[in-house]
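**Student:** here is the input, now give the coordinates:
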Amino acid sequence: MRLRLVTFNIAHGRGLSPLPGLTTARRLRLTLLKIAELLVELRADVVALQEIDQCSRWAGNFDQLEFLREAAGFPHAAWGISARRGGLLNFCYGNALLSRHPVVASESVGFGHGRVGDKGFLFAELDAGGHRLPLVNLHLHYRSRVHRFRQAGMLVAWLRARAQAHGSHWAVPPVVCGDFNNSAARADATAALLRELSGHGHGDYGLHPADGARTFPSPLPARALDFILLPPGCRHARGEVVRAHLSDHRPVLVEFEVG
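**Tutor:** A predicted model of the protein is given here:
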């Protein structure tokens with residue numbers, strides 16, 4: 001089965017506006033509609049989204065995932081909230097998944113205490129044509145290398161425990177994608193995570209985009225921050241950075257075969 005996977009940090013739907021809260025609800029919805037049109041144009045089967053809001057004052061106080069799901073025609077979705085606050089200046093956001101295949105299980109893991117800026121990952125298992133596909137949608141710390149290494153270690157430990165309990169049902173080891181907030185070419189968490197995953201007895205993971213193509217900032221990309229790590233068993237992969245100015249990040253698309 002061929003699958004088209006997209007990872008995209010949508011920056012709370014604010015487009016290229018530098019700060020949250022400066023964009024009207026109408027402009028947010030227009031940007032999200034354009035993102036939905038892009039996902040349809042890319043023929044995405046699965047979409048991993050970072051910095052997406054469930055109900056945040058700075059982002060229009062509406063469910064952005066449900067809005068995108070309806071606009072792009074995805075039958076399935078899953079939330080992974082990593083930061084939440086009530087009150088007048090409420091926010092609720094994190095990672096999320098859109099899928100044309102059923103989401104048979106999902107779990108959200110936060111790296112912090114749910115405060116503004118906290119990161120985390122969403123784990124999901126998809127039924128892709130009868131194949132159980134495990135997938136991680138990850139967002140690492142944007143500033144601290146120490147935090148990124150700690151978060152990558154938490155993810156690896158969590159995945160090992162999950163594999164011991166449920167890995168026999170998986171068609172392949174977990175696909176890991178998202179906003180890593182660091183380049184794989186440096187001695188940082190992306191390179192370490194790639195080594196840890198490859199060294200867990202499954203064989204070498206593939207990094208996409210493999211040529212270090214840059215994704216941030218989207219108008220004139222200077223840094224490679226967004227990746228898809230494909231395990232052995234995901235064959236004939238072909239990836240690209242999508243030229244789009246709908247966020248401060250550009251999306252990454254990888255098409256591959258599983259099963």
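
**Student:** contact partners for M1?
**Tutor:** A128, G129, H131, E257, V258, G259 (C-beta atoms under 8 Å, 6 or more residues apart in numbering). C-betas here are computed from N, CA, C, even on glycine.

**Student:** run the last query once more with 6 Å
**Tutor:** Applying C-beta atoms under 6 Å, 6 or more residues apart in numbering to M1 gives the contacts A128, G129, V258, G259.

**Student:** residue contacts, the second one?
**Tutor:** Shown here is G129, whose contacts under the criterion C-beta under 6 Å, 6+ apart are M1.

**Student:** now with 8 Å?
**Tutor:** Contacts of G129 by C-beta under 8 Å, 6+ apart are M1, H101, G259.

**Student:** could you measure from the nearest residue to S183 once chain neighbours are set aside over to R238?
**Tutor:** In space, and not counting its chain neighbours, S183 is closest to A224: 4.8 Å by C-beta to C-beta, 6 or more residues apart in numbering. Distance, A224 to R238, by C-beta to C-beta, to the nearest Å: 18 Å.

**Student:** kindly report the same for G15.
**Tutor:** For G15, the distance to R238 equals 28 Å [C-beta to C-beta].

**Student:** need the contacts of G129 in CSV (columns: secondary structure, pLDDT and distance to L155).
**Tutor:** Below are the contacts of G129 laid out as CSV (DSSP: H, G, I helix; E, B strand; the rest coil; pLDDT from 0 to 100; distance: C-beta to C-beta, whole Å):
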residue, secondary structure, pLDDT, distance to L155
M1, coil, 91, 26
H101, coil, 98, 23
G259, coil, 77, 25
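
**Student:** with distance to T7 added, can I get those residues in JSON lines?
**Tutor:** As requested, the contacts of G129 are arranged in JSON lines below (distance: C-beta to C-beta, whole Å):
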{"residue": "M1", "distance to T7": "19"}
{"residue": "H101", "distance to T7": "16"}
{"residue": "G259", "distance to T7": "21"}
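
**Student:** of these, closest to R145?
**Tutor:** Taking C-beta to C-beta as the measure, R145 sits nearest to H101 out of those, at 35.5 Å.

**Student:** residues of stretch 169-176 that come out buried?
**Tutor:** W170, A171, V172, P173, P174, V175, V176 (16 or more other C-beta atoms under 10 Å).

**Student:** how many residues are close by the nearest residue to the third one once chain neighbours are set aside?
**Tutor:** With C-beta to C-beta, 6+ apart as the criterion, V172 has its nearest non-adjacent residue at 3.5 Å, and that residue is G233. In terms of burial, G233 registers 18 neighbours under the definition other C-beta atoms under 10 Å.
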